[in-house]
Structure formats: C-alpha cells, structure tokens
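Asks: only geometry, no sequence info:
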C-alpha cells in the first residue's frame, strides 16, 4: 500500500489543517476555469478540485494513481450529483490522451513529489489547448506553531517530497522544466499555496 492509499480515508481532514490556503487555491482554480471547459485533472486525490469546477465545466476527467483516493472522489461526486465527472487511474507521465484535448489541465501538489518533473510538464502541455494550472504548497514557508510537527508526522508516515520551495524557487523551477508561468499568485495560510498558470502560446 502506498502512502497515498494509506492516507486516503483522512486526506480531506488533513487538508483542512491548511483550510484558508487550500480553499483559496480551489476558488482561484474555479475562477480560472472557463465556463464550458473540457478539463483534465491529474493527481486529483479525493477530487476536491474536480468537484469544485464541475458545474462550470462541460466535462472533467479526474485521475489519480491511487484507487482508494478515486473511490472516495467518486463517492463524493455521486453524493453531490456531479454527473459530468469521469474517474480513471492514469499516470501524469503518460495520460493516454490526444494532443490538445483539454481547455484546462490541472496538476495540483504533485510536481515537487516526482523524479522527472520535466517529463510530466511536457505531457501536461501536450494535452492542453489552453491552461496548465500547477498549484503547490510552499514547504519552505511554513507558518503556525503546530504545522511543523504535523509535517514531521506526515514524513514519518511516508510523505517524501523530492524538493521544497519558497515562492521564488517554485517560479524558477517551473521555468526550468518548461512551464514558465503567465500568472503566479500566493495564497496565504499555514502552508502558503502558490498557484501557477502556464498558457498555450504565451
């Protein structure tokens, strides 16, 4: 069982520890999503972003490698009546989608966790005909007396980021891997969230 399978049952509760930043990130992604968009989300976890934009989108493909995460996401979609979301296990390195299929491609909280971010960035760009949105928590800018020990517990359980960023570092990283942001915003919280947007043709 992977770390993500293990934490699936309490993933949503864990995200609430960074509620202001997490909800602010979701609101910004919703605002960025055009009405009627065709959306692909990778590393979607329990589907919070896909669910938040479903009523604006024409369709959403919500993907993750963790079947336990997707099972929870599917259950939440059924409860909310979001019938335009499909769910599937997919790798962000090989989505299996045709070039330029999606108006919005979302990869939240994942590029800092993987060994080949350049390969992932190329795949996300390949399937987009509009925006690629790549939020991340700025682990170098933790705030609040409880968040550092909490992150220490997550690390003991298996959370193992390959790299950690402050805002300037994340912007440089994205440029280096081929996703220079056309828009870049910081949302404050115990773990501040950077929401970066790469735009086709910009």
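Replies: Thanks, I have the structure now. Just so you know, these numbers come straight off a predicted model, no measurement behind them. Numbers count the residues shown, from 1 in each chain.
Asks: Show the contacting residues for residue 158.
Replies: 2-3, 6 (Cβ atoms under 8 Å, 6 or more residues apart in numbering). Quick note: C-beta positions are derived from backbone N, CA and C, even for glycine.
Asks: how about a cut-off of 10 Å?
Replies: 1-4, 6-7 (Cβ atoms under 10 Å, 6 or more residues apart in numbering).
Asks: Next: residue 112.
Replies: 134, 136-139, 161-165, 170, 173.
Asks: Show me the shaky parts of this structure.
Replies: Applying pLDDT under 70 to the chain picks out residues 145-146.
Asks: Need the residue closest to the centroid of it.
Replies: residue 108 (1.3 Å; Cα atoms, centre = their mean).
Asks: Confirm for me that that one is in contact with residue 134.
Replies: Yes - at 7.3 Å, residue 108 counts as touching residue 134 under the criterion of Cβ atoms under 10 Å.
Asks: what sits in contact with each of these two?
Replies: residue 195.
Asks: all helices of this protein, in order?
Replies: All helices of the chain, identified by DSSP state H, fall at 3-7, 11-15, 19-32, 48-53, 67-80, 117-126, 147-157, 167-176.
Asks: Name the stretch among these that sits most buried.
Replies: Greatest average neighbour count among the helices of the chain goes to helix 48-53 (a mean of 22), per mean count of other Cβ atoms under 10 Å.
Asks: Quick check: residue 137 vs residue 85, distance?
Replies: Going from residue 137 to residue 85 by Cβ to Cβ, to the nearest Å gives 24 Å.
Asks: ok, now residue 184?
Replies: 28 Å.
Asks: Pick out whichever of those two has more residues nearby.
Replies: residue 85 (24 against 14; other Cβ atoms under 10 Å).
Asks: you'd agree the more buried one is up against residue 39?
Replies: Yes - using Cβ under 10 Å, residue 85 is in contact with residue 39, at 9.1 Å.
Asks: who touches both of the two?
Replies: By Cβ under 10 Å, 6+ apart, the residues touching both residue 85 and residue 39 are 50, 53-54, 57, 59-62.
Asks: CSV please, covering the residues you listed and showing distance to residue 18.
Replies: Compiled in CSV, the shared contacts of residue 85 and residue 39 are given as follows (distance: Cβ to Cβ, whole Å):
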residue, distance to residue 18
50, 19
53, 20
54, 23
57, 25
59, 29
60, 23
61, 26
62, 21
